[in-house]
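Undergrad: just a sequence and a predicted model for now, questions to come.
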Amino acid sequence: MNATAEPPALSPLVATLAPMPASPSSRDFVPPPSGRAAPGEARLGRPEGTSRIAASTAPRTSNARRMLLVLVALVVLLVRPTREHVAAAELLGRFANPKSEVTTVDVTEVVVPSARGDVRAKLYAPKGKTGLPGVVLVHGVHYRGIDESRLMRFATALADTGVVVLTPEIVELSDYHVDPRSIDTVGASLVMLAERTGRERVGLMGMSFGGGIALLTAARPEHRDRVGFVVAVGAHDDLARTLRFFATSTIGLPDGSLRAQKAHDYGAMVLVYNRVEDFFPAPDREEARLALRAWLQEKRDIAREHAKRTSPASNAKLEEIFTTDLAGLRPEMLRIVKAHEGEDTGVSPHGHLGGLRAPVYLLHGADDSVIPSSETLWLAKDVPAGLLRQAVVSPAIRHVEVEGDPTFEQQWELLHFMGEVLGEAARL
């Protein structure tokens, strides 16, 4: 489910350059109607305070996705007839369909006052309704930011369930940087939405690297009292570990084991963009940076014009970045990642979530090649005891976008997850 899986929106380095004991959940998991795990679905141990972590490797096809959501909704009506679960089925169905149209939501441009200046934002509000709860939705790394079509579609679908949604423009994420300054922008957005909705607290949801920023915001003493719940979709736990994945296509699991998984080449490109000074000589750095930015913004001709203004060696390296799988650059990337691994850049939730006070929901695509799903397993260990409500790893999404034709049980799992999130919003 995302709203910001973009040409795969990947993340970066900062501008400078990231089996627990079981305990009862505060909200028990509702099992799929069959009472069985989906074919090929492995159940991992339940971490403290959560309903479960589920990881699935069931195969995906591509046809009756929306019909299955309808069927799941019918089962919900028979098994657990809550408004939130029915609304979740509608939300997922609308988001899964790029052609869906919602005419019951007003979308307006607003300004969020912050210590760093005014922040551009969009407000999604159900027409003719007042006294509704609010959710701040943080986009991932993508140059279109709050104007990215999938983010707008998800925000609209979420608002149509009876929630006021605010999407602030996080300028660092829009420029492919994960930066601690984004935390205060999100914090200012919480204040504005709480005042607008007349509530003490609002929900907070982050997509991709925006999910890590959302968790960090919710853990900050100056912001946490405004957060009623936090949802992280496809988020990172440790930025350095994610960057190592970009360089090596190997993921590290919480049990200490390693697993090979092909990283999306886009991630490697963003890594280079964030560390231009490590890859290019001083005279070429500015043009190289402009070339990489233009390429990430899908301006291919402009990118090559900037590349031509660099030295022959740098031009050749840029062309390799533009057109190959970067195999020749990966040893250099790994060397640079290792050189920065010990730095605490303030953008990794790992080791910084002790201040959380709100319930936490984690969702990740099983085959995510941008931020590997192992990062959600790490996050599940880092969330303080008793706060983790659900942590789901599912093949029903890719990074943060609904994909494929999941099994009935996987559909149920996604619907239950979103139903519980909407329930949290209703209780604000």
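TA: Yep, it's here.

Undergrad: who does the lengthiest helix in the chain touch, helix- and strand-wise?
TA: Across the chain, the longest stretch assigned as helix under DSSP state H is helix 408-426. Packed against helix 408-426, as judged by 3 or more CB pairs under 8 Å, 6 or more residues apart in numbering; DSSP states H and E, are the following elements: helix 65-79, helix 83-96, strand 202-207, strand 227-233, strand 360-365, strand 388-394. (C-beta placed from N, C-alpha, C; glycine too.)

Undergrad: now the last one - C-alpha only, PDB.
TA: Read it as strand 388-394. Extracted in PDB, the C-alpha atoms of strand 388-394 (Å, rounded to 0.1, in the frame of the first residue of the first chain):
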ATOM      1  CA  LEU A 388       3.300  -2.900  19.000                       C
ATOM      2  CA  ARG A 389      -0.200  -3.700  17.900                       C
ATOM      3  CA  GLN A 390       0.500  -5.400  14.600                       C
ATOM      4  CA  ALA A 391       3.500  -6.100  12.400                       C
ATOM      5  CA  VAL A 392       2.600  -7.700   9.100                       C
ATOM      6  CA  VAL A 393       4.900  -8.700   6.300                       C
ATOM      7  CA  SER A 394       2.800  -9.500   3.300                       C
END
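
Undergrad: for that strand, what is the average pLDDT?
TA: Averaging pLDDT along strand 388-394 gives 95.

Undergrad: repeat that for the second one.
TA: The predicted model gives helix 83-96 an average pLDDT of 83.

Undergrad: what comes up buried for the helix or strand following that helix?
TA: Tracing the chain C-terminally past helix 83-96 and defining elements by DSSP states H and E, one meets strand 105-112 next. For strand 105-112, the buried set under the neighbour-count rule, 16 or more other CB atoms under 10 Å, comprises 105, 110, 112.

Undergrad: in a markdown table, list the residues you listed along with pLDDT.
TA: Shown next, in a markdown table, are the buried residues of strand 105-112 (pLDDT from 0 to 100):
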| residue | pLDDT |
| --- | --- |
| 105 | 96 |
| 110 | 98 |
| 112 | 98 |
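
Undergrad: what's the most buried one of the helices and strands packed on helix 408-426?
TA: The highest mean neighbour count among the helices and strands packed on helix 408-426, using mean count of other CB atoms under 10 Å, belongs to strand 202-207: a mean of 30.

Undergrad: the following helix or strand past that strand: how far from the chain's middle?
TA: Sequence order places helix 209-219 as the next helix or strand after strand 202-207, per DSSP H and E. The chain centre lies 10 Å from the centre of helix 209-219; the measure is CA atoms, centre = their mean, to the nearest Å.

Undergrad: got it, and stretch 218-238?
TA: 12 Å.

Undergrad: report the secondary structure element holding the residue lying closest to residue 264 once chain neighbours are set aside.
TA: Spatial nearest neighbour of residue 264, excluding adjacent residues (CB to CB, 6 or more residues apart in numbering): residue 369 at 4.2 Å. Under the assignment given by DSSP H and E, residue 369 is not contained in any helix or strand.

Undergrad: wait, residue 369 sits on residue 265?
TA: No. Using CB atoms under 8 Å, residue 369 makes no contact with residue 265, being 9.2 Å away.

Undergrad: neighbour count: the two, which is higher?
TA: residue 369 (20 against 17; other CB atoms under 10 Å).

Undergrad: least confident secondary structure element in the protein?
TA: Least confident helix or strand of the chain, by mean pLDDT, DSSP states H and E, is strand 41-44 with a mean of 34.

Undergrad: on that earlier part again, I'd like the helices and strands packed on helix 408-426 as JSON lines, with distance to residue 179 appended.
TA: JSON lines is the format used below for the helices and strands packed on helix 408-426 (distance: least, CB to CB, whole Å):
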{"stretch": "helix 65-79", "distance to residue 179": "36"}
{"stretch": "helix 83-96", "distance to residue 179": "28"}
{"stretch": "strand 202-207", "distance to residue 179": "14"}
{"stretch": "strand 227-233", "distance to residue 179": "17"}
{"stretch": "strand 360-365", "distance to residue 179": "22"}
{"stretch": "strand 388-394", "distance to residue 179": "26"}
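
Undergrad: closest one to residue 244 among those?
TA: The closest of these to residue 244 is strand 360-365. By CB to CB, the value is 18.0 Å.

Undergrad: adjacent strands (with direction) for the closest one?
TA: strand 227-233 (parallel), strand 388-394 (parallel) (DSSP bridges).

Undergrad: which residues touch it?
TA: Strand 360-365 has contacts (CB atoms under 8 Å, 6 or more residues apart in numbering) with 1, 215, 218, 229-235, 371, 373, 375-376, 379-380, 383, 387-401, 403, 417, 420-421, 424.

Undergrad: okay, the angle between it and helix 408-426?
TA: Interaxial angle of strand 360-365 relative to helix 408-426 (axes from the mean of the first three to the mean of the last three CA atoms, to 10 degrees): 150 degrees.

Undergrad: just the CA atoms of the following helix or strand past strand 360-365, as CSV, please.
TA: Counting by DSSP H and E, the next helix or strand C-terminal to strand 360-365 is helix 374-382. This file holds the C-alpha atoms of helix 374-382, laid out as CSV (Å, rounded to 0.1, in the frame of the first residue of the first chain):
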residue,chain,number,x,y,z
SER,A,374,13.7,-7.5,7.4
GLU,A,375,13.7,-3.9,8.5
THR,A,376,10.2,-4.3,9.8
LEU,A,377,11.3,-7.4,11.8
TRP,A,378,14.0,-5.2,13.3
LEU,A,379,11.5,-2.4,14.1
ALA,A,380,9.2,-4.9,15.8
LYS,A,381,12.1,-5.6,18.2
ASP,A,382,12.8,-1.9,18.8
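
Undergrad: what angle separates helix 374-382 from strand 227-233?
TA: 150 degrees.

Undergrad: which residues are contacting helix 374-382?
TA: Identification of contacts with helix 374-382 by CB under 8 Å, 6+ apart yields 20, 44, 47, 50, 53, 215, 232, 234-238, 241-242, 251-254, 259, 349-351, 353, 362-364, 388, 391, 393.
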